[in-house]
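In: Sequence and predicted structure are below.
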Amino acid sequence: MASNIRVRIAPSPTGEPHVGTAYTALFNYCLAHSANGKFLLRIEDTDQTRCTPGSEESIFKALRWLGLEWDEGPDIGGPFGPYRQSERLPIYKEHAMQLVEKGSAYFCFCTQERLAKMQEKQKAEKKNLGYDGCCRLIDPTEAGKRAHAGEPHVIRLKVEKSNNETTTFFDEIRQKDVTYNNIEIDDQILLKTDGFPTYHLANVVDDHLMRISHVIRAEEWIPSTPKHVMLYKAFGWDMPKFAHLSLLRNADKSKVSKRKNPVSLNWFRAAGYTKEAIINFLGLLGYSSGSASERFTISDMLNGFSLDRISTSSPVFDLEKLKTLNEEYIRGYSLDGYIQYMKDTIDFAARHLSPIMSEVQKRHKIGLGFNVWTDMFFKTELEYTANDFITKETNKKQVEDTLSALAKAIDAFGKKIPTAQDFEECIRIYTDTSGLDARSTLMTVRVAITGSQTSLPLYESMALIGKDRCVQRIKQAVAYVRSIR
RNA sequence: GGUCCCAUCGUCUAACGGUUAGGACAUGGCCCUCUCAAGGCUAAAAUAGGGGUUCGAUUCCCCUUGGGACUACCA
């Protein structure tokens, strides 16, 4: 007997599958499966500039690996498809136009330049940020003509703010109303110049058309929920229930980030974390069943699952606890299970490290000896040795200066994902200008990045480790060198 | 800055008005032991502060403080 409960996980195919996606998926999955409902997967690829090839497939694989199977989705279809937003463009456009006709949305012809200027001015005057409503003044028929004539435009939500209106929604996890004054709410863009919808429009339209009953998503969405509420009202649709999961955090309490924590599900899998441990751990962070045992599977969670038992405070993602759970699960495997786990891990790790595996092969002496070379990819903190940094040719200050400068240089890549060549060029500059000779500079970097004077080729390793973790390691190395007496 | 969310050991949490504030991870000590793991025992460790409400507040309300998120033609 199917219930009316329908929930979804809606990841964006940008980069590696994120542990936060699994966290959100887990609770969605639990609600659906504890109540005989449906769990759907929808790909939110409305920002074409951020989508990366292979990411979608990678998300599917990672979620399936964890056992978070979906009932409807882009790869398996379902009665409310398509489940990829880029394939639903006409739907959003049509709905956006509906809102314009109803007077709940309007065309905006402001240029990026004008918007930037406006924002600058608001900042300078310390006023609250947000669109100033300039294009609200344009006569609707006039605006319609201009848009029709092909003038670049967006469609904005017309937030009613004349009479001190407020917008409220009930949060099923916090078990309370959350209220916003409409004055605080921006006239959000619904349809972009390129004809793609923003998250706000696409998410509301799809959730409605896909009959979503509960929107369970991360806490960062709380401030935009009132906009969604207004959209439901403008369309005249029934509202789903809302539930916001607290954010996973780094040890310093900031939102969990790859700069400070491993966050890629692929990394966890390649590093040998078991799916059971990850699920158990994520469950532990956000949920307590009230039962005595801290060891549980997804099906254990289903028993008596309830949104109001999900915690409201944001947990620190404590890798130590995960490691302990992982040990326990490995120990609990049958011998066959253990062998299977090893096969899977080696297979996955080798593929994960494929760009550098031929280099590992050259150095492979016997047995499972590839670990000797690849372990450093899966450590969160390296164990440095003073003598590796301070040699005949180098002193403390030189090493410190070189590494500090390099950290800044790598940071300067910004959003770019640097390749091995990029790293090489970046480091070359420092071998030319630093006080150290090239050989010593490179050795210093090698030790900082890999933890050893003997390692796989440096630039390729750095590319695989990734910009953020490289910077993190170099900073840790600087701190270590500083601590040497 | 503004808005909103959150607040129990270092960390994850239990206690949904009455407990010596419980457990787990990590940490220290001890035991077991051919090494290392594992296992057993044990120690230290928390209700952010101030006001209310109540016979009684970790629990309900308010203020302060602290932390976080959001503040994009990103999601």
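Out: Nice, thanks for sending it over.
In: Walking through chain A, point out its strands one by one.
Out: The residue ranges that make up the strands of chain A, judged by DSSP state E, are A:6-9, A:38-41, A:105-108, A:154-157, A:166-171, A:176-181, A:189-191, A:214-218, A:241-245.
In: Can I get those strands in JSON lines including distance to residue A:296?
Out: C-beta: built from backbone N, CA, C; applies to glycine. Listed next are the strands of chain A as JSON lines, based on distance: least, Cβ to Cβ, whole Å:
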{"stretch": "strand A:6-9", "distance to residue A:296": "20"}
{"stretch": "strand A:38-41", "distance to residue A:296": "19"}
{"stretch": "strand A:105-108", "distance to residue A:296": "46"}
{"stretch": "strand A:154-157", "distance to residue A:296": "42"}
{"stretch": "strand A:166-171", "distance to residue A:296": "25"}
{"stretch": "strand A:176-181", "distance to residue A:296": "28"}
{"stretch": "strand A:189-191", "distance to residue A:296": "42"}
{"stretch": "strand A:214-218", "distance to residue A:296": "19"}
{"stretch": "strand A:241-245", "distance to residue A:296": "18"}
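In: Run through the residues of the stretch 351-485 of chain A sitting next to RNA strand B.
Out: Remark: no part of the stretch 351-485 of chain A is in contact with RNA strand B, using Cβ under 7 Å from any atom of the strand.
In: picking up where we left off before, what's the most buried one of the strands of chain A?
Out: Of all those, strand A:6-9 has the most neighbours on average by mean count of other Cβ atoms under 10 Å, namely a mean of 26.
In: Could you report the neighbour count for residue A:323?
Out: In terms of burial, residue A:323 registers 14 neighbours under the definition other Cβ atoms under 10 Å.
In: possible to save the strands of chain A as CSV with distance to RNA strand B?
Out: Written out in CSV, the entries for these read as follows (distance: least, Cβ to the nearest atom of the strand, whole Å):
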stretch, distance to RNA strand B
strand A:6-9, 11
strand A:38-41, 13
strand A:105-108, 8
strand A:154-157, 5
strand A:166-171, 7
strand A:176-181, 4
strand A:189-191, 4
strand A:214-218, 8
strand A:241-245, 7
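In: any chance of those strands in TSV, with mean pLDDT too?
Out: Shown next, in TSV, are the strands of chain A (pLDDT from 0 to 100):
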stretch	mean pLDDT
strand A:6-9	97
strand A:38-41	97
strand A:105-108	93
strand A:154-157	94
strand A:166-171	94
strand A:176-181	94
strand A:189-191	95
strand A:214-218	97
strand A:241-245	97
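In: among those, which is nearest residue A:143?
Out: Proximity of those to residue A:143 was assessed by Cβ to Cβ; the nearest stretch is strand A:105-108, lying at 4.2 Å.
In: Mind checking the strands of chain A for the one nearest to residue A:286?
Out: Shortest distance between residue A:286 and the strands of chain A, using Cβ to Cβ, is found for strand A:241-245: 6.3 Å.
In: Can you tell me which helices and strands that closest one packs against?
Out: In this structure, strand A:241-245 makes packing contacts with helix A:19-34, strand A:166-171, strand A:214-218, judged by 3 or more Cβ pairs under 8 Å, 6 or more residues apart in numbering; DSSP states H and E.
In: Need the CA coordinates for that strand. CSV is fine.
Out: This file holds the C-alpha atoms of strand A:241-245, laid out as CSV (Å, rounded to 0.1, in the frame of the first residue of the first chain):
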residue,chain,number,x,y,z
LYS,A,241,6.0,20.3,4.3
PHE,A,242,9.4,21.7,4.9
ALA,A,243,12.2,20.3,7.0
HIS,A,244,15.7,21.7,7.2
LEU,A,245,18.6,19.5,8.2
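In: outside of that strand, which residues touch it?
Out: A:23-24, A:27, A:169-174, A:213-219, A:221-222, A:225, A:286, A:307, A:310 (Cβ atoms under 8 Å, 6 or more residues apart in numbering).
In: rerun at 10 Å
Out: With Cβ atoms under 10 Å, 6 or more residues apart in numbering as the contact definition, strand A:241-245 has outside contacts at A:5, A:7, A:20, A:23-24, A:26-28, A:31, A:169-175, A:178, A:212-222, A:225, A:228-229, A:285-287, A:307-308, A:310-312, A:314.
In: just stretch A:427-444 next, same as before
Out: So stretch A:427-444 is in contact with A:388-395, A:397-403, A:405-406, A:409-410, A:445, A:453, A:458-459, A:462, A:474, A:477, A:481, going by Cβ under 10 Å, 6+ apart.
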